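Chemist: sequence plus the predicted model coming up.
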Amino acid sequence: MSVVALAIVNKDNVPVLVRTRADVLGDLASEADRADATKLVYLLHSSLDIIDEKQNQSQTREAYLGLLNQCENFKIFGLLSSTKIKVILMISTSSNLMLRDNEARNILKQVHANYVEATSSNPFYNHGDVIKSRALEHAVKQVFATP
């Protein structure tokens, strides 16, 4: 399993945190990772429509939405919280290790818990602003480091 992108989107569909593998690796990122970053963000953004459809169709209130989309060499998983915060995870299917559904659920719930902690523990955070939290950044880097 190789995480290639992660996004947290607020209730107004405005991204408050978007990270790709190139962002996390920084100077160590390959040229291919840097070139794909814009494409990956576009694919993440397009999955918001699928989340809206699932939100309108769903009768149960399970936060984990499961597999949203599978395109090219990527699988996109999503989580929709009760406050309409969306967490989207994109993994590469080109590696030998595949991500199980319960592993994706755990990663998304952990990222959401870190987001809640980062926003609720900062009295100066305005909801909807871009998140600047060292603890959340560390948690996101751990997601990308997961084998």
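Modeler: That came in fine, so what should we check first?

Chemist: right, and the helix or strand after the helix or strand of the chain with the lowest mean pLDDT?
Modeler: The weakest-scoring helix or strand in the chain, judged by mean pLDDT, DSSP states H and E, is helix 21-25 (a mean of 63). Following helix 21-25 in sequence order, the next helix or strand is helix 31-57 (DSSP states H and E).

Chemist: packing partners for that following helix?
Modeler: strand 2-9, strand 15-20, helix 21-25, strand 64-71, strand 74-80, strand 86-92 (3 or more CB pairs under 8 Å, 6 or more residues apart in numbering; DSSP states H and E). For every residue, glycine as well, the C-beta is placed using N, CA and C.

Chemist: now that helix: average pLDDT?
Modeler: Helix 31-57 carries an average pLDDT of 75.

Chemist: residue ranges in the protein under the pLDDT threshold?
Modeler: 1, 22-37, 58-60, 95-97, 146-147 (pLDDT under 70).

Chemist: list the contacts of Asn73.
Modeler: Neighbouring residues of Asn73 by CB atoms under 8 Å, 6 or more residues apart in numbering: 92-94.
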